[in-house]
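Colleague: Let me see the structure of the following:
(one chain, ligands or ions: 2)
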Amino acid sequence: MSNRQLSIILPLAIRDTYTYRVPDSMPCPRPGTRVLVPLAKREMVGIVLGQYNGEPLPEDKLRDIIEVLDAEPILTEEQLRLWQWVADYYMCPIGDVMLAALPNKANDRQYVLADTSRRRVKLPEYKGETYPPHPLDDQQTEALRRIRQEWQRHDVVLLHGVTSSGKTEVYIHLILEALERGQQVLYLVPEIALTAQLTDRLQRVFGSRLSVYHSRISDAQRMELYRQLILTNEPRLIVGARSAVFLPLRNAGLLIVDEEHEPSYKQQDPAPRYHARSLAAVRARLLGAKVLFGTATPSIETYYNALTGKYGLVEMKRRFQGLQLPRITLIDLQRQYHRKEMYQHFSDPLVMRIREELSKHKQIILFQNRRGYAPYVQCNACGYVPKCPDCDVSLTLHKATTYDARCSRLVCHYCGSTTPLPTVCPECGGEMRIHGFGTERIEDEVYGLFPEARVARMDLDTTRRKDDYQSILSAFAAHEVDILIGTQMVTKGLHFDNVSLVAVLNADSLLTQPTFRSYERAYHMLEQVSGRAGRTRTEEADSAEVFIQTFDPKHPVFDWVIRHDYEAMYSEQIAERESFRYPPFTRLITITLRHRHDETVERAAQTLRDRLKAVFGQRCSDVILPSISRVQTKHIRCLQLRIEANASIARAKAMLRPHLEALTSEAAFRTVEILPDIDPQ
Ligand code: ADP
Ligand code: ZN
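Modeller: Ligands and ions are numbered 1, 2, ... in the order given. Here you go, the predicted model:
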């Protein structure tokens, strides 16, 4: 009987679905239900996708479902449709989506969704007072009115408001309305550090109706929140990072994507290589909910969509309470070095300014987009640079206690392997010298230059444990720290009252990224980091200032940043994108090939290129050797397809798919990994 044959999703990145039979003794489980099935000699937790619709399989080839694990589905129909959309759009097995979308504990056969007898973890409860939200000012009231108006014609509205214009406060009003209508709200943020800071602010208004979901919450707590969301549809606010976009929402009214321009919304590795911003828009359609994208610096694509009428557009051009946007001062490092007016990596004017702010009991943020002590070391005599044995990258020097308290270590930022710093050059016995600088070195220099200052550093290395973000940020907010040094983590949406000076120690590394997005990214980063300064009215707030140190002060990006002129950046960049046929005028698909042997991957890439050129012509690139061409012992090649924006991407993928499948089915290339990336960042 074919209707007792079910398609099952397994958390494996191998193929789409697996077919099993429901034994006669078992009631047929509904789509979305967890089941235990045999696979080879193992047993695995899978999810029922639905009836198996293919040719009925011969009964003797089929194995039985062992057990239905829950009486209730663990996925709503809408989630199942989302999973299928993701698998189809991003060209990956639906098993990959299962791995990304469910809390780990859902793969545990012991776990039972509806079991109330077991002692469950509790979600943290807020015991404090709650307060009504702040009344909005005129600009915010107008923005709120316009957002509601735009939602009548668009699912997605972009709120483009300068840093500290009070966007978060507008969100709070919209969230409250949705909750009062009995609906749920999903609020996505790009960085876990930001969830830490937002939690306090949102709890004051929403109390225990707020839940937080991201990878630093324990497995058990994530599963518990998931369980509550699947079993109930109470009004709730869920704040989360990227993967929260997969949570069950049975009653959603609003999805907010804050800092929508952030590249971290895109998952790079492993598959599914999804963009949470795109998924939010897709879900809104499936759920009948509304979406709000918010940012001071919209991505080019989003702004284009807003200008061309695909999204609604609402703007807030002034800071709350009429505060000035911070003044930007460029420091020409060439001149500073020439005049010998440098103290290590700090220019003379910056040192003086930091002293001045410290004496006024103000706080300072120092931004350096590199962690570690120095990005590489090199032999003075023969030029030898230690590289990772497994990756095509030089090793970063770490001096702090992060990796080993006793000695400095060289660390690969791609695979994490570490070795001690050689005392002399292993090639020629020459002296090893340190080149460049990261956050650890800045921290060292700050201790030397400003011995009276209290200093904290926030980067990947200082935030490895669950509560590290919270403790660094609370200490800074309580002014137990004067100078906060950090990587891009400190740029994203954080809010502090007392910061009067922000310095970018080396802006040049932001300008030389090998992507067509590099100017846009640099602009976002500089505008966002400067947006951390002068966020509250005090006597001196209007003199909040940003120092940017650079060897290239004439670079056009600085001109836009100094004038806080997003529109100028946009019109330059959109013109470039059009003339060089980049998104939004085309859609990109990158195909990455990986293999242990350089020769094999090169041949595979060339073979695929020849075949794709025959189909796609000029739309397919030549074989690309990426700037880092080997990672974790695997050699890498890429191909890129550019599909005209008005052509069907679905059709392009349909044409591409058989070629990818054909390649891996050939003996010579069987072990080559082929990784398609749709809309790469
Ligand atoms: P954005 O999200 O645009 O960066 P925020 O919402 O964080 O801006 O607002 C910046 C600062 O102004 C915060 O300290 C916030 O509490 C304050 N603020 C914004 N709107 C109001 C308001 N209507 N009443 C009181 N304070 C406000
Ligand atoms: Zn490595």
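Colleague: Check which element follows the longest helix seen in the chain along the chain.
Modeller: Longest helix of the chain, by residue count under DSSP state H: helix 598-616. Downstream of helix 598-616, the first helix or strand assigned by DSSP states H and E is strand 630-631.
Colleague: Parallel or antiparallel, which strands does that following strand pair with?
Modeller: strand 634-644 (antiparallel) (DSSP bridges).
Colleague: List the buried residues in the helix or strand that the strand it pairs with is followed by.
Modeller: Sequence-wise, the next helix or strand downstream of strand 634-644 (DSSP H and E) is helix 649-664. By 16 or more other CB atoms under 10 Å, the buried positions in helix 649-664 come out as Ile649, Ala652, Lys653, Leu656, His659, Leu660, Leu663. The C-beta positions use only the backbone N, C-alpha and C, and glycine is treated the same way.
Colleague: so who does the second one touch?
Modeller: Residues in contact with Ala652 (CB atoms under 8 Å, 6 or more residues apart in numbering) are Arg587, Ile589, Phe616, Leu641, Ile643.
Colleague: How about the residues of this structure by ligand 1?
Modeller: Proximity of the chain to ligand 1 is confined to 134-137, 140, 161, 163-169, 320, 495, 535-536 under the rule CB under 6 Å from any ligand atom.
Colleague: Which residues of the stretch 251-400 of the chain lie near ligand 2?
Modeller: Cys388, Asp390, Cys391 (CB under 5 Å from the ion).
Colleague: Tell me the one of those nearest ligand 1?
Modeller: Cys391 (37.8 Å; CB to the nearest ligand atom).
Colleague: following the strand or helix carrying Ile548, which helix or strand shows up next?
Modeller: Ile548 belongs to strand 545-550 when assigned by DSSP H and E. Counting by DSSP H and E, the next helix or strand C-terminal to strand 545-550 is helix 556-562.
Colleague: by contact count, what packs against that following helix?
Modeller: Applying 3 or more CB pairs under 8 Å, 6 or more residues apart in numbering; DSSP states H and E, one finds that helix 556-562 contacts strand 327-332, helix 518-530, strand 545-550, helix 566-579.
Colleague: Could you save those as JSON lines and add columns showing mean pLDDT?
Modeller: Below are those laid out as JSON lines (pLDDT from 0 to 100):
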{"stretch": "strand 327-332", "mean pLDDT": "95"}
{"stretch": "helix 518-530", "mean pLDDT": "93"}
{"stretch": "strand 545-550", "mean pLDDT": "95"}
{"stretch": "helix 566-579", "mean pLDDT": "97"}
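Colleague: can the ones you listed go into a markdown table with extra columns for mean neighbour count and distance to Leu194?
Modeller: What follows is the helices and strands packed on helix 556-562, written out as a markdown table (neighbours: other CB atoms under 10 Å; distance: least, CB to CB, whole Å):
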| stretch | mean neighbour count | distance to Leu194 |
| --- | --- | --- |
| strand 327-332 | 18 | 23 |
| helix 518-530 | 24 | 12 |
| strand 545-550 | 23 | 20 |
| helix 566-579 | 16 | 21 |
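Colleague: To Ala477, which of these lies closest?
Modeller: Minimum separation from Ala477 across the helices and strands packed on helix 556-562 (CB to CB) falls at helix 518-530, 17.6 Å.
Colleague: Ligand 2 contacts on this protein?
Modeller: So the chain meets ligand 2 at Cys388, Asp390, Cys391, Cys412, Tyr414, Cys415 (CB under 5 Å from the ion).
Colleague: nearest to Arg457, of these?
Modeller: Cys412 (20.7 Å).
Colleague: which one of the contacts of Ala652 is nearest Ile331?
Modeller: Using CB to CB, these come closest to Ile331 at Arg587, 40.3 Å.
Colleague: distance of Cys28 from ligand 2?
Modeller: 49 Å (CB to the ion, to the nearest Å).
Colleague: in what helix or strand does the closest residue to ligand 2 within the stretch 151-300 of the chain lie?
Modeller: As assessed by CB to the ion, ligand 2 sits closest to Asp269 within the stretch 151-300 of the chain, at 14.3 Å. Secondary structure assignment for Asp269, by DSSP H and E: no helix or strand.
Colleague: again with Leu593
Modeller: Per DSSP H and E: strand 586-595 holds Leu593.
Colleague: Show me what that strand is packed against.
Modeller: By 3+ CB pairs under 8 Å, 6+ apart, strand 586-595 packs against helix 598-616, strand 634-644, helix 649-664, strand 673-678.
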